[in-house]
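# Pasting the sequence and the predicted coordinates here, then a few questions.
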Amino acid sequence: MEGQLQLFMTAEQEEEVNRCIQNSKRNLEITQANTQRSLETLLEGGLQLGVHFENTFQIHKDVTKTVELGGWRDENKFEAEVTVDEYTGGVFLLYDIIVKEDGVRKIVKKNTWFSVTSDGKVECSTIVGSFRAVKASTILNKIIDMNAATKDRLKMVEQKDIHFDNALAKLRDEFPNAEQVNRGTEWVNTRTFKNSYHQDVITVAFEDGSYINYDVNTFNGEISVRKVYDVVVETLTLQDKVNNLKTRLQ
């Protein structure tokens, strides 16, 4: 028996349960066939399992579960227990990314979705940069280029980390009474959101709420002042500023 039906069902309910079981079986068959086709397409394009793609597809036999059937009307809904074969996972492309674990940056594999078109091409916006379908061999070349770029970027990021660590140590020595000297980010708002970005900065914060933001040059580690916020100055009235100016010019 393909499914276990709850007792005291109407003929219509039994028919709907059987339809659910058959749909589940058909969906599994289609998914299994698509998975096999995806594997063949990638392998024929020169991609290597575990290097350029992964296969986590698994079939789980005779899974018993409770399903809700009967359409969208509450009075027609009912629950039934069915036993079907199910699947998990799939085939995914792999590419390198940089992560930070326990304070150490390293390169790890990240998976991403893709699809195979009717003419045997591969569609993956993450790798291609658009939804344009390309040959599997083209996907392979793009993954190789992306991974090479990631290795180069890791070297730059590690050098940047060294410059920031040196700058933090220098500024902590320069401002021993500061409440905090930390690395963070500041949002740089340009004319359009697309061109706006986050900028790494070091903030030296003081107890009264004053702070100084510093930029650190990624290439040579040079430290420069980005912004100064002095609580005392910011709370001065216009007349206070006039009086200060008079005093300074006397």
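Good, I have the coordinates.
# What are the boundaries of the helices in the protein?
Using DSSP state H, the helices of the chain run over residues 11-44, 125-128, 136-174, 231-234, 238-249.
# Quick one: distance of the longest one to the chain centre.
Between the centre of helix 136-174 and the centre of its host chain there is 17 Å, according to Cα atoms, centre = their mean, to the nearest Å.
# can you give me the mean pLDDT across that helix?
Taken as a whole, helix 136-174 has a mean pLDDT of 97.
# which parts of it are buried?
For helix 136-174, a neighbour-count test (16 or more other Cβ atoms under 10 Å) marks 136, 138-140, 142-143, 147, 154, 160-161, 163-164, 167-168, 171 as buried. Placement of C-beta: from N, CA and C, glycine included.
# re earlier: now the helices of the chain in TSV, with distance to residue 184?
Putting the helices of the chain into TSV (distance: least, Cβ to Cβ, whole Å) gives the following:
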stretch	distance to residue 184
helix 11-44	42
helix 125-128	29
helix 136-174	11
helix 231-234	19
helix 238-249	30
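# Ok, which of these comes nearest residue 101?
Among the helices of the chain, the nearest to residue 101 by Cβ to Cβ is helix 136-174 (13.3 Å).
# Any buried residues in stretch 101-116, and which?
109, 114, 116.
# For the residue nearest the centre of the chain, give the beta-bridge partners.
Nearest to the geometric centre of the chain sits residue 110, at 9.2 Å (Cα atoms, centre = their mean). Beta-bridge pairing for residue 110 (DSSP bridges): residue 95.
# Nearest residue to residue 100 in space, please, no chain neighbours.
Leaving out its chain neighbours, the residue that sits closest to residue 100 by Cβ to Cβ, 6 or more residues apart in numbering is residue 106, at 7.9 Å.
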